[in-house]
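**Student:** Take a look and give me a structure for this.
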Amino acid sequence: MGHDHSHDHTHGANKKALLVSFIVITAYMIIEAVGGFLTNSLALLSDAGHMLSDAVSLGVGLLAFKFGEKVASYQKTFGYKRFEILAAVFNGVTLIAIALFIFYEAYHRFMDPPEVASAGMLIIGIIGLFVNIVVAWVLMRGDTEENLNLRAAFLHVIGDLFGSIGAVTAAILIMIFGWGWADPLASVLVAALVLVSGWRVSKDAIHVLMEGTPKNVELDDIVQTIESVPEVIAIHDLHVWSITSGENALSCHAVVDGKLSVHDSQELLQTIENKLEHKGIGHVTVQMESEEHPHEDSLFCRTEHDAGG
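**Tutor:** Residues are numbered from 1 along each chain as shown. You can find the predicted model right below:
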């Protein structure tokens with residue numbers, strides 16, 4: 001019960017962080033776009049486009065949390081919790097697409113550096129840097145370590161923060177030395193960071209969709225934990241996966257003493273569930289069997305069988 005309360009509290013904090021960030025980023029994105037038109041700055045307009053992707057990312061993230069709150073039904077027995085992971089995939093792929101677009105634009109700027117109103121670019125870049133620092137701080141107060149959806153949004157903002165640093169640095173170099181190539185060079189450095197971030201988020205989200213073993217779960221440790229219970233002889237058909245960020249599930253077949261009573265079996269299940277909860281697994285399904293259970297070469301089976309069985 002305490003685990004559910006903690007998860008609900010974290011979920012609420014994550015949603016609030018996304019909402020505040022979405023409002024701030026969207027408001028500044030409009031300001032930066034207007035500033036880009038007024039100063040005739042392609043760099044600022046590009047950064048505004050990057051912030052538009054941030055706003056879309058945060059908006060999709062909010063929708064993911066909203067859908068995730070829907071209760072389970074006959075059609076969706078786990079509810080809509082996986083929507084958060086789908087949103088993380090969307091955000092990760094978007095980051096990769098943005099990085100490739102920045103590389104493309106940077107190439108053309110190296111060939112023909114555009115005229116940039118460096119003074120206006122500097123002022124708006126500094127304001128953008130401050131805004132991104134505030135938004136990054138708000139998102140960091142959420143669960144960016146475990147929640148893929150929030151982490152993807154956080155990485156979007158971090159990419160934009162470096163974009164603001166690049167814009168400010170480039171503006172100063174253009175103002176002092178007239179180095180027009182400073183703008184595309186800063187863009188390339190930012191694009192590299194964005195590309196790495198997008199790849200990592202996409203890879204982690206796809207791992208969840210493929211029902212891979214959660215990164216915070218050590219499978220050998222789980223096997224030892226279950227088999228450390230005296231009544232458990234061995235386990236097989238072990239599966240551990242994530243339903244969504246921070247919600248891990250496990251199912252397995254446990255070979256137990258066939259003389260266990262119904263009451264003893266219930267106590268055994270409760271013992272296993274309590275032990276696994278401390279290992280970060282909240283949803284546990286254990287099928288109990290006698291030593292004569294029929295199967296062939298199942299995962300983690302340590303029980304000897306006759307040639308026919």
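**Student:** Go through the biggest helix by length in the chain and flag the buried ones.
**Tutor:** Longest helix in the chain by number of residues, with DSSP state H as the criterion: helix 2-39. By neighbour count, and taking 16 or more other CB atoms under 10 Å as the criterion, the buried residues in helix 2-39 are 10-11, 14-15, 17-22, 24-26, 28-29, 32-33, 35-36, 39. For every residue, glycine as well, the C-beta is placed using N, CA and C.
**Student:** Residue 280 contacts residue 215, doesn't it?
**Tutor:** No - Residue 280 is beyond contact range of residue 215, at 10.2 Å (criterion: CB atoms under 8 Å).
**Student:** out of the two, which sits in the more crowded spot?
**Tutor:** Applying other CB atoms under 10 Å to residue 280 and residue 215 shows that residue 280 carries more neighbours, namely 17 against 11.
**Student:** check which helix or strand covers that one.
**Tutor:** Under the criterion of DSSP states H and E, residue 280 resides outside all helices and strands.
**Student:** Tell me how far it lies from residue 272.
**Tutor:** Distance of residue 280 to residue 272, given as CB to CB, to the nearest Å: 14 Å.
**Student:** Next: residue 261.
**Tutor:** Residue 261 is 17 Å from residue 272, by CB to CB.
**Student:** Which one's more surrounded, those two?
**Tutor:** Neighbour totals were compared for residue 261 and residue 272, and residue 272 leads with 23 against 8 (other CB under 10 Å).
**Student:** Contact partners for the more buried one?
**Tutor:** 226, 229, 232, 254, 284, 286 (CB atoms under 8 Å, 6 or more residues apart in numbering).
**Student:** separation between it and residue 233?
**Tutor:** Applying CB to CB to residue 272 and residue 233 gives a distance of 13 Å.
**Student:** Then residue 246?
**Tutor:** 32 Å.
**Student:** Please apply the same query to residue 132.
**Tutor:** From residue 132 to residue 233 the distance is 57 Å (CB to CB).
**Student:** between those two, which one's more packed in?
**Tutor:** Shown here are residue 132 and residue 233; by other CB under 10 Å, residue 132 has more neighbours (25 against 16).
**Student:** Against which helices or strands is the helix or strand hosting that one packed?
**Tutor:** Element membership for residue 132, per DSSP H and E: helix 118-140. On a contact count with 3 or more CB pairs under 8 Å, 6 or more residues apart in numbering; DSSP states H and E, helix 118-140 meets helix 2-39, helix 42-68, helix 148-177.
**Student:** so where's the protein shaky on pLDDT?
**Tutor:** Counting by pLDDT under 70, the chain has low-confidence residues at 1-12, 40-43, 45-46, 49, 68, 142-149, 292-309.
**Student:** how does it divide into domains?
**Tutor:** As assigned by the TED database, the chain contains the domains 10-210, 219-306.
**Student:** what's the most buried one of the ones you listed?
**Tutor:** domain 10-210 (a mean of 20; mean count of other CB atoms under 10 Å).
**Student:** starting at the chain centroid, how far to that domain?
**Tutor:** In this view, domain 10-210 has its centroid 14 Å away from the chain centroid, taken as CA atoms, centre = their mean, to the nearest Å.
**Student:** Tell me which stretches of the stretch 151-300 of the chain form helices.
**Tutor:** For the stretch 151-300 of the chain, the helices defined by DSSP state H, counting those that start in this stretch cover 182-209, 219-227, 262-277.
**Student:** Show me what the second one is packed against.
**Tutor:** If you count contacts as 3+ CB pairs under 8 Å, 6+ apart, helix 219-227 packs onto strand 232-244, strand 247-256, helix 262-277.
**Student:** Reformat these as TSV; add distance to residue 101.
**Tutor:** Below are the helices and strands packed on helix 219-227 laid out as TSV (distance: least, CB to CB, whole Å):
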stretch	distance to residue 101
strand 232-244	30
strand 247-256	34
helix 262-277	45
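**Student:** Of all these, which one is nearest residue 119?
**Tutor:** Among the helices and strands packed on helix 219-227, the nearest to residue 119 by CB to CB is strand 232-244 (47.1 Å).
**Student:** can you give me the angle that closest one makes with helix 42-68?
**Tutor:** Here strand 232-244 runs at an angle of 130 degrees relative to helix 42-68 (axes from the mean of the first three to the mean of the last three CA atoms, to 10 degrees).
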